[in-house]
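1. Give the three-dimensional model of this entry:
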Amino acid sequence: MTQQDHEIAKELKNKLSTVIDLLDFRIFGSRARGDADEYSDMDVFIEVESINKELSEKIFDIVWEIGFKHFMVISTLIFTRDELENSPLRSSSIVKNIGREGVSV
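-> As a prediction, this is how the structure comes out:
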């Protein structure tokens, strides 16, 4: 991950932390691997204890704001702890991939 990507991710994490307790926050995909180009999006994995529609909207508003500020599309995956521990998601290839290549911020 580039220093600039790390700084953007840290800014996003800090801003999100003002509205929700983050259990996990990782960057994954091409930006985490360091093979992104200038048009690549930033893939963000967010784990929370629980989520509702209002909180989800706040998260997406913050994500959009930070992305707009940095001329970057930020794509988020938001999961609850229960989904990751007690649902078929725990065996999904995307969750396994995030566990392998995701970069904690």
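2. From the chain's centroid, how far away is stretch 82-100?
-> Centre-to-centre, stretch 82-100 and its host chain are 14 Å apart (Cα atoms, centre = their mean, to the nearest Å).
3. what does stretch 37-51 give?
-> So, by Cα atoms, centre = their mean, the centroid of stretch 37-51 is 2 Å from its chain's centroid.
4. would you list every one of the strands in the protein?
-> 22-28, 42-48, 74-80, 103-104 (DSSP state E).
5. quick one: which of those strands is nearest Glu57?
-> strand 74-80 (11.4 Å; Cβ to Cβ). Bear in mind the C-beta positions are built from the backbone N, C-alpha and C, glycine included.
6. backbone phi and psi for Asp21, please?
-> phi -80, psi 120 (degrees, to the nearest 10).
7. sorry, back to before: can you say which of the strands of the chain is nearest to Ile8?
-> When the strands of the chain are compared by Cβ to Cβ, strand 42-48 sits nearest Ile8, at 6.8 Å.
8. Format the strands of the chain as a markdown table; extra columns: distance to Asp35 and mean pLDDT.
-> Below are the strands of the chain laid out as a markdown table (distance: least, Cβ to Cβ, whole Å; pLDDT from 0 to 100):
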| stretch | distance to Asp35 | mean pLDDT |
| --- | --- | --- |
| strand 22-28 | 12 | 97 |
| strand 42-48 | 13 | 98 |
| strand 74-80 | 16 | 96 |
| strand 103-104 | 13 | 96 |
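9. Throw those strands into JSON lines and include distance to Gln4, thanks.
-> Converted to JSON lines, the strands of the chain look like this (distance: least, Cβ to Cβ, whole Å):
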{"stretch": "strand 22-28", "distance to Gln4": "12"}
{"stretch": "strand 42-48", "distance to Gln4": "11"}
{"stretch": "strand 74-80", "distance to Gln4": "14"}
{"stretch": "strand 103-104", "distance to Gln4": "14"}
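10. most packed of the ones you listed?
-> Of all those, strand 42-48 has the most neighbours on average by mean count of other Cβ atoms under 10 Å, namely a mean of 22.
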